[in-house]
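Q: Give me a 3D structure for the following:
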Amino acid sequence: MMKPILTCALLAALNAAGTPACAAEPWVPDLGNGSYQNPVLNADYSDPDAVRVGDTYYMTSSSFNSAPGLPLLQSKDLVNWELVGHALPKQVPADHFAVPRFGAGVWAPCLRYHDGKFWIFYPDPDFGIYVMTAKSFSGPWSEPHLLMPGRGLIDPTPLWDEDGKAWLLHGWAKSRAGFNNVLTLHAMSPDGRRVLDPQGKVVIDGNKLPGYRTLEGPKFYKQDGWYYVFAPAGGVEEGWQAVFRSRSIEGPYEDRVVMDQGGSPVNGPHQGAWVRAQDGKDWFLHFQDRKAYGRVVHLQPMAWSDGWPLIGQPGARPGVGNPVATYRKPVAGQAVKVPATSDEFGGKALGLQWQWNANPQEGWYSLAARPGHLRLPVLAAPQADGYVRAAPNILGQKLPASAFTVDTRIELHGAADGDRAGLILNGMSYAWLGLRRQGADTQLVYTTCTPFAPRCKEQSTVLLAQAPSALSLRMVMADGAQAQFHYSVDGKEYSAAGAPFAATKGHWVGAQVGLFSVGPGASAEPGYLDVDYFRFNR
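A: Down below sits the predicted model:
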């Protein structure tokens, strides 16, 4: 019997009255009454950038060490988003990213539509600035072209001017370059293949502006003869959104703070995208750092006065906006959509929501070996002994809400001594619940790795010394990022696996929840984990 796949469209069709939201989804921003609630993406879509082409909005975001990278999202109303692919199947250089590179990889990208095609400029702080293009947003995308090599180059944003000239503005990562808080401008060939003046010119220096620190994440725009640079400052957890403007691309630039937290609960509201809707009204997408939950995406109205924007609702400080919790939707009447989360493993490919801990390799998974199941062969990963997080084949996805439940059913077959597999909540501190082969026995084990550090220390508790090869596992995430793991032998009665675990963020990312299957060494006939489903609910 085929397993049902609950989607927003199916739930709406089953409900004759028409529900305002998807009852089974952990978070839905569309309130069903012409308004939305923030965040519009309650998951770790860090450093979002977006454009509108025709009547469709497109977005990408940072992906750091996860592969595939550069998620591709689209929407008809800036509220109901769906994940349609990834621009970067594997990170480059491929060999370098064959192992997890926490905190490295794809930092804040810039998405543009120019000359009949989509462009993504993205930085890797260890290698430089890359550019990719595509005729169709969902792909295929060109191979990454290293436009500007160098360490510490981050947050690129291009601008093609009316005179045919092209420019590239970027920030700096202090961890690699030794300095930050400045934005550097370069002339660029219009085809995005070459930087014409590699030295560049600092056009905005945060060190010369009172109170500014960590000025980064610029986005370049031009309107009414003004060059505008939208750039955050103050750091991801406590920062604000600034805008700079000048009549000359090389400055000097005036500055103004246009959004901060004010009296709202939204800390550090900044870094994102100015988007103009079909009716001419302006909107701003930005992130909020929520630690273990990652950097979630909010949508703010944006208004203009005397050539300056105000983002959000007017705050106590003149000219400075504060985030809204709810607001009317930019475009009415669109269907409720959310990025995919649950997976019944009934297709020919993994759901787009899944990402690996490093560049994936052939043979890491199969959906054909046992139809309706995901098969994860045990991967020899001696580096993961005592530290599962080092395994490159952890298959994870973003936490989809502040509170949710995830259920899965696993079966471990053919395991050798030391092999382990199961359900993992993966951050700099992590916890996993699953099966481990110990000598002749298959054990049910609950493992936590603490304290919060680049390399934590695992501690394991054997829950069942002789466990069945098939078990149902559950994780219940409560507000405040408290995760309670449970297990069941019969799929009906569940027992708690230890005390609640305090989830933590990863390196520049939120925690991920997913699956793994690793062992201490190579085997002539590796064991494998079969997964029946992976289901999220509120």
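Q: right, and Cys449 touches Arg389 too?
A: Yes: contact criterion CB atoms under 8 Å: Cys449 and Arg389 qualify, at 7.0 Å. All C-beta atoms are positioned from the backbone trio N, CA, C, and that covers glycine.
Q: Now do the shared contacts for these two.
A: Taking CB atoms under 8 Å, 6 or more residues apart in numbering as the contact rule, Cys449 and Arg389 both touch 430, 456.
Q: what about the residue nearest to His507 when sequence neighbours are not counted, distance to Leu183?
A: Leaving aside its sequence neighbours, His507 sits nearest to Gly103 (CB to CB, 6 or more residues apart in numbering; 3.4 Å). Here the criterion is CB to CB, to the nearest Å. By it, Gly103 lies 22 Å from Leu183.
Q: Looking at the two, which is more packed in?
A: Remark: of Gly103 and Leu183, Leu183 carries more neighbours, 28 against 16, as counted by other CB atoms under 10 Å.
Q: so the more buried one sits right up against Leu215, yeah?
A: Yes: contact criterion CB under 8 Å: Leu183 and Leu215 qualify, at 6.6 Å.
Q: shared neighbours, these two?
A: With CB under 8 Å, 6+ apart, Leu183 and Leu215 have common neighbours 171, 204, 206, 231.
Q: ok, of the residues you listed, which come out buried?
A: 171, 204, 206, 231 (16 or more other CB atoms under 10 Å).
Q: In JSON lines: those residues, plus secondary structure and distance to Arg370.
A: Conversion of those to JSON lines gives the following (DSSP: H, G, I helix; E, B strand; the rest coil; distance: CB to CB, whole Å):
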{"residue": "Gly171", "secondary structure": "strand", "distance to Arg370": "48"}
{"residue": "Ile204", "secondary structure": "strand", "distance to Arg370": "56"}
{"residue": "Gly206", "secondary structure": "helix", "distance to Arg370": "56"}
{"residue": "Ala231", "secondary structure": "strand", "distance to Arg370": "51"}
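Q: all helices for the stretch 151-300 of the chain, in order.
A: 174-177 (DSSP state H, counting those that start in this stretch).
Q: same deal with the chain?
A: Assigned by DSSP state H, the chain shows helices spanning 8-14, 174-177.
Q: Check the burial of Gly498 by counting its neighbours.
A: Using other CB under 10 Å, the number of residues around Gly498 comes to 14.
Q: same question, Asp279
A: Residues near Asp279, counting by other CB under 10 Å: 7.
Q: again, but for Gly396
A: Under the neighbour criterion other CB under 10 Å, Gly396 is assigned a count of 21.
Q: List the residues that contact it.
A: 66, 354-357, 424, 426, 512-515.
Q: cutoff 7 Å now
A: The contact partners of Gly396, by CB atoms under 7 Å, 6 or more residues apart in numbering, come to 355, 357, 426, 512-514.
Q: and it, what are its bridge partners?
A: Beta-bridge pairing of Gly396 under DSSP bridges involves Gln355, Gly514.
Q: Please determine how far it is located from Gly294.
A: Gly396 sits 12 Å away from Gly294, going by CB to CB.
Q: cool, and Val320?
A: Val320 is 26 Å from Gly294, by CB to CB.
Q: more neighbours, these two?
A: More neighbours surround Gly294 than the other of Val320 and Gly294, with 25 against 19 (other CB under 10 Å).
Q: Settle this for me: the more buried one is touching Val509, isn't it.
A: Yes: taking CB atoms under 7 Å as the definition, Gly294 is a contact partner of Val509 at 5.9 Å.
Q: Report the set of residues contacting both of those two.
A: Joint contacts of Gly294 and Val509 (CB under 7 Å, 6+ apart) are 44, 46.
Q: Gln241: how many residues sit nearby?
A: Neighbour tally, Gln241, other CB under 10 Å: 28.
Q: residues contacting it?
A: Applying CB under 7 Å, 6+ apart, the residues near Gln241 are 230, 232, 258-259, 269-270, 286, 311.
Q: please redo it, this time with the cut-off set to 6 Å
A: 232, 258-259, 270 (CB atoms under 6 Å, 6 or more residues apart in numbering).
Q: distance of Tyr227 from Ala481?
A: Counting by CB to CB, the gap from Tyr227 to Ala481 is 41 Å.
Q: low-scoring pLDDT stretches of this protein, where are they?
A: 1-23 (pLDDT under 70).
Q: rewinding a little: from the shared contacts of Leu183 and Leu215, which is closest to Leu88?
A: Gly171 (20.7 Å; CB to CB).
Q: Mind listing what's buried along stretch 48-60?
A: Buried residues in stretch 48-60, defined by neighbour count with 16+ other CB under 10 Å: 48-52, 57-60.
Q: same question, stretch 320-332
A: Neighbour-count burial for stretch 320-332, counted by 16+ other CB under 10 Å, picks out 320-324, 327, 329-331.
Q: And for stretch 454-467?
A: 456, 458, 463-464, 467.
Q: Distance to Trp81 added to the residues you listed, as JSON lines?
A: Shown next, in JSON lines, are these (distance: CB to CB, whole Å):
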{"residue": "Cys456", "distance to Trp81": "33"}
{"residue": "Glu458", "distance to Trp81": "36"}
{"residue": "Leu463", "distance to Trp81": "39"}
{"residue": "Leu464", "distance to Trp81": "41"}
{"residue": "Ala467", "distance to Trp81": "40"}
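Q: circling back to that earlier point, export the shared contacts of Leu183 and Leu215 as a markdown table, with columns for distance to Asp530.
A: Shown next, in a markdown table, are the shared contacts of Leu183 and Leu215 (distance: CB to CB, whole Å):
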| residue | distance to Asp530 |
| --- | --- |
| Gly171 | 46 |
| Ile204 | 54 |
| Gly206 | 53 |
| Ala231 | 49 |
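Q: which one of those sits closest to Thr442?
A: Distance to Thr442 across the shared contacts of Leu183 and Leu215 (CB to CB) is lowest for Gly171, with 50.9 Å.
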